[in-house]
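Asker: build me a structure from this.
(one chain, ligands or ions: 1)
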Amino acid sequence: MRKKIVAGNWKMNTLPAEGVELAKGVVAQRGEVCECVNFIVCPPFTHLAQVAEVLKGSTVELGAQNCAAEAKGAYTGEVAASMIAALGCKYVILGHSERRQYYGETSETLNKKMEQVYANGLTPIYCVGENLDEREAGNHFAVCKQQIEEVVFNLTEEQFKNLVIAYEPVWAIGTGKTATAEQAQEIHAYIREVLSSKFGAAAEECPILYGGSCKPSNAAEIFAKEDVDGGLIGGAALKAEDFIAIGKGFMA
Ligand code: PGA
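Answerer: Modelled structure (predicted):
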């Protein structure tokens, strides 16, 4: 049985006090959803420590949205994987399309970040996905394959067992446009096939999340698909009620 995951990517939203309130809401309502669904929240760096306090004693886990490619030293403005691990993070989102697009993250950088993440006992949530032009040209399979081959294929078998993938079509992120459940299943199954070509049966255990305008009204249909193991949620993760309601999609 693959892990079921609903992860909230808060992006650059919430002030510390607002983040604390949001996390409290998630903890308070978490009991409405089966323990079999793993909830993760990924606040901005600035309030990871405060949110970690709120999550203590709950089953809601903590993740960061990014980390540095280097271990430590003269890298002004960067945050090391060891620092976020010390605050209680278990997960790190890596390779989100916004980071690839606005901050020039390449596979080369992401390989270094992966190394840091594993060296510090964290689990990466590695994002892949095509933009609109690539989808319209029918290149979405090739794009995802390349993003996986250039980074995930460098992992050891041991590291691969501790990996979450998020498929996020760039055209669906924050746009209100969602991939249909069929489109999601098609590419998730393909991604799993690519993973199994390298890692064999272990690919069956790798959670693959869908991301891109996932909300309470469409989560159940998308999560019902065989190769969709949950969601990476942006906008709808900023309201505890909606975030939890997305988790209920597994129970529908
Ligand atoms: P969205 O973002 O749910 O707001 O579309 C998803 C993401 O970018 O992780």
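Asker: relative to N218, how far out is the residue of the stretch 151-252 of the chain found nearest the ligand?
Answerer: Closest contact between the stretch 151-252 of the chain and the ligand, by C-beta to the nearest ligand atom, is at G234 (2.3 Å). Where you see a C-beta, it was placed from the backbone N, CA and C, and this is true even at glycine. Remark: distance between G234 and N218 (C-beta to C-beta, to the nearest Å) = 14 Å.
Asker: flag every residue of the stretch 151-252 of the chain that's near the ligand.
Answerer: 168, 173-174, 211-214, 232-236 (C-beta under 6 Å from any ligand atom).
Asker: can you give me the strands for the stretch 1-150 of the chain?
Answerer: For the stretch 1-150 of the chain, applying DSSP state E, counting those that start in this stretch gives strands covering 4-9, 37-42, 61-64, 91-94, 123-128.
Asker: tell me what the third one is packed against?
Answerer: Here strand 61-64 touches strand 37-42, helix 48-55, strand 91-94, going by 3 or more C-beta pairs under 8 Å, 6 or more residues apart in numbering; DSSP states H and E.
Asker: and if you look at the last one?
Answerer: When contacts are defined as 3+ C-beta pairs under 8 Å, 6+ apart, strand 123-128 sits against strand 91-94, helix 107-119, helix 140-149, strand 164-167.
Asker: same check, this time on the second one
Answerer: The contact analysis (3+ C-beta pairs under 8 Å, 6+ apart) places strand 37-42 against strand 4-9, helix 16-29, strand 61-64, strand 91-94, helix 240-247.
Asker: report the angle between the last one and strand 37-42.
Answerer: The reference is to helix 240-247. Helix 240-247 and strand 37-42 meet at an angle of 140 degrees, taking axes from the mean of the first three to the mean of the last three C-alpha atoms, to 10 degrees as the criterion.
Asker: quick one: buried residues of stretch 124-138?
Answerer: Across stretch 124-138, burial judged by 16 or more other C-beta atoms under 10 Å covers 124-131, 134-135.
Asker: rounded mean pLDDT for that stretch, please.
Answerer: The average pLDDT within stretch 124-138 is 95.
Asker: end-to-end on it?
Answerer: Distance across stretch 124-138, first residue to last, is 28 Å (C-alpha to C-alpha, to the nearest Å).
Asker: tell me the contacts of the residue nearest to A237 when sequence neighbours are not counted?
Answerer: Residue nearest to A237 in three dimensions, not counting chain neighbours: G8, with 3.0 Å by C-beta to C-beta, 6 or more residues apart in numbering. Counting by C-beta atoms under 8 Å, 6 or more residues apart in numbering, G8 touches 26, 39-42, 233, 237-238, 243.
Asker: the helix or strand of the chain with the lowest mean pLDDT vs the ligand: in contact?
Answerer: When the helices and strands of the chain are compared on mean pLDDT, DSSP states H and E, helix 132-136 comes out lowest with a mean of 93. No: if you take C-beta under 6 Å from any ligand atom as the test, helix 132-136 misses the ligand, and the best it gets is 13.9 Å.
Asker: dump that helix to CSV, keeping only the CA atoms.
Answerer: Output in CSV follows, covering the C-alpha atoms of helix 132-136 (Å, rounded to 0.1, in the frame of the first residue of the first chain):
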residue,chain,number,x,y,z
LEU,A,132,1.3,24.9,-21.6
ASP,A,133,3.4,25.0,-24.8
GLU,A,134,4.9,21.6,-24.0
ARG,A,135,1.5,20.1,-23.3
GLU,A,136,0.0,21.5,-26.5
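Asker: quick one: low-confidence ranges for this structure?
Answerer: Applying pLDDT under 70 to the chain flags no residue at all.
Asker: most distant residue from the centre of it?
Answerer: In the chain, counting by C-alpha atoms, centre = their mean, A74 sits farthest out from the average C-alpha position, at 28.4 Å.
Asker: F199: how many residues sit nearby?
Answerer: F199: 20 surrounding residues under other C-beta atoms under 10 Å.
Asker: for the host helix or strand of it, packing partners?
Answerer: Element membership for F199, per DSSP states H and E: helix 181-199. Using 3+ C-beta pairs under 8 Å, 6+ apart, the elements in contact with helix 181-199 are helix 140-149, helix 157-160, strand 164-167, strand 208-211, helix 216-223.
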